[in-house]
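S.K.: Curious how this folds, go ahead:
(2 chains)
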Amino acid sequence: MSQTIKVGISDLNIARSPDVLVTYALGSCVGICLYDRVTKVAGLSHIMLPSSGMNRDNQPYRYADTAIVMLVQKMIAAGADKRRLTAKIAGGARMFATFTDNNLSNIGQRNVAAVKEALSKLGIPIIADDTGKDYGRTVFFSADNGQMCIKSANRGEWVL
Amino acid sequence: MALQTYDDLNDIHLDVLREIGNIGSGNAASALSTMLATSVNIAVPTVRIMDYEEVVEKLGGPEQMIVGLLLKLEGDVQGMIMFLLHQNFANMLLASLLGEEIPLSQIDEIGYSALQEVANIMAASYVNAVAAMTGLIINISVPAMCVDMLGAILSVPAIHYANISDKIILIEDEFRGNEMHAPNHILMIPDVDSLKKIMTNLGIEL
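M.R.: Numbers count the residues shown, from 1 in each chain, chains lettered A, B, ... in the order given. Below is the predicted model:
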């Protein structure tokens, strides 16, 4: 029996085969799924904002620049090999296309850019990318096979 | 004590905000009722210091499909006002305003405009009542709309305030259409600085 492990907003967690990680209703937030296919250790991080900036000690799981590094550490501690890690990312939408606000209007885009930068610094290749556009996404990530299943409200489900 | 973060709000402040919610939502509901020529039921508002996950659960769960309408507050009071409409209620609004049944899944430009206009009128009634009560100038932006998962929609204000504070204050009220069971929600989310202005203008000690 596989268990489903929920990852909340500004949170992260890891799972081993056959368990499944899930994070619900990503809007402008980004879900980062990391996988080591040999040890079958999976990790999922749900970030809200690009950079921790001045708030370095406060809620590191909230920010792309701090959360992904910590997720990788957690996966290594669970037996994953950093050199084998691959990434699949989803989210970073613009929910209210016509809403103009300097802080918010392109936050999804900035989140995605920060996630890509963080992954590139760690040398982790992105093998699937379902980001941007204007709709919410729920992400299921299987530790058994590394598949990322995306569920949307209006557009059905698909697997990456 | 000075009001620096939402955690500094005391019982008197919360009562004031509840009253603002009462008057604002009452006016918004009555504007809606006039527009639809039907009765709209409104509940007693709740004021909560928002924890995202908790609010999402309370309002129906992260994946519930909902119509979100978001307006920015500008002028003396800054922040956001958000309407969350249940699908059945949005369908009823569309039928009532456009005179034809358009399921939400097939909503077109005209349908969008109609629902945005509802949000515009309700938000204007809300903030005008608060402005009259406090003597502050409050303007609203054009409403933006999306039909999607509740969690994704509510993450928008959560992200906006995440950089400023861990928590956000939410003056929330439920309203229901005549003989409709599912609640719809008005969320008024003022910035901390705006809360100070509201309290000062009402003669409440900070």
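S.K.: Can you give me the buried ones in the biggest helix by length in chain A?
M.R.: In chain A, assigned by DSSP state H, the helix with the most residues is helix A:107-122. Neighbour counts using 16 or more other C-beta atoms under 10 Å in any protein chain shown place A:Ile107, A:Gly108, A:Gln109, A:Arg110, A:Asn111, A:Val112, A:Ala113, A:Ala114, A:Val115, A:Lys116, A:Ala118, A:Leu119 of helix A:107-122 among the buried residues. Glycine gets a C-beta too; all of them are placed from N, C-alpha and C.
S.K.: who touches it?
M.R.: A:27-30, A:32, A:47-51, A:63-65, A:68-69, A:72, A:82, A:85, A:87, A:89, A:91-95, A:125-126, A:131-132, B:159 (C-beta atoms under 8 Å, 6 or more residues apart in numbering or on different chains).
S.K.: next one: stretch B:88-107
M.R.: A:154, B:35-36, B:38, B:67, B:85, B:87, B:108, B:110-111, B:114-115, B:117-118, B:147, B:176-177, B:180, B:182, B:184.
S.K.: If burial is judged by neighbour count, which of those residues pass?
M.R.: Among the contacts of stretch B:88-107, the ones that count as buried by 16+ other C-beta under 10 Å are B:35-36, B:67, B:85, B:87, B:111, B:114-115, B:118, B:147, B:176-177, B:180, B:184.
S.K.: Please list which of those are also close to chain A.
M.R.: Among these, proximity to chain A is found for B:Val147 (C-beta under 8 Å from any C-beta of the partner chain).
S.K.: possible to save the buried ones among the contacts of stretch B:88-107 as JSON lines with secondary structure and pLDDT?
M.R.: Formatted as JSON lines, those follow (DSSP: H, G, I helix; E, B strand; the rest coil; pLDDT from 0 to 100):
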{"residue": "B:Met35", "secondary structure": "helix", "pLDDT": "87"}
{"residue": "B:Leu36", "secondary structure": "helix", "pLDDT": "85"}
{"residue": "B:Val67", "secondary structure": "strand", "pLDDT": "95"}
{"residue": "B:Leu85", "secondary structure": "strand", "pLDDT": "92"}
{"residue": "B:Gln87", "secondary structure": "helix", "pLDDT": "89"}
{"residue": "B:Gly111", "secondary structure": "helix", "pLDDT": "89"}
{"residue": "B:Ala114", "secondary structure": "helix", "pLDDT": "91"}
{"residue": "B:Leu115", "secondary structure": "helix", "pLDDT": "93"}
{"residue": "B:Val118", "secondary structure": "helix", "pLDDT": "93"}
{"residue": "B:Val147", "secondary structure": "strand", "pLDDT": "93"}
{"residue": "B:Arg176", "secondary structure": "strand", "pLDDT": "82"}
{"residue": "B:Gly177", "secondary structure": "strand", "pLDDT": "79"}
{"residue": "B:Met180", "secondary structure": "coil", "pLDDT": "76"}
{"residue": "B:Asn184", "secondary structure": "strand", "pLDDT": "90"}
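S.K.: And the buried ones among the contacts of stretch B:88-107, which is closest to chain A?
M.R.: Nearest to chain A among the buried ones among the contacts of stretch B:88-107: B:Val147, at 7.1 Å, using C-beta to the nearest C-beta.
S.K.: picking up where we left off before, okay, and which of the contacts of helix A:107-122 map to helices?
M.R.: A:Ala64, A:Asp65, A:Ile68, A:Val69, A:Val72, B:Ile159.
S.K.: burial measure for the third one, as a count.
M.R.: Neighbour count of A:Ile68, defined by other C-beta atoms under 10 Å in any protein chain shown: 27.
S.K.: Which residue comes closest to it once chain neighbours are left out?
M.R.: Closest residue in space to A:Ile68, ignoring its immediate chain neighbours: A:Ala118 at 4.4 Å, by C-beta to C-beta, 6 or more residues apart in numbering or on different chains.
S.K.: before we move on, what about the last one?
M.R.: The spatial neighbour of B:Ile159 that comes closest, neighbours along the chain excluded (C-beta to C-beta, 6+ apart), is A:Met48 at 5.4 Å.
S.K.: my guess is that neighbour contacts B:Ser155, does it?
M.R.: Yes. Counting by C-beta atoms under 8 Å, B:Ser155 is a contact partner of A:Met48 at 7.3 Å.
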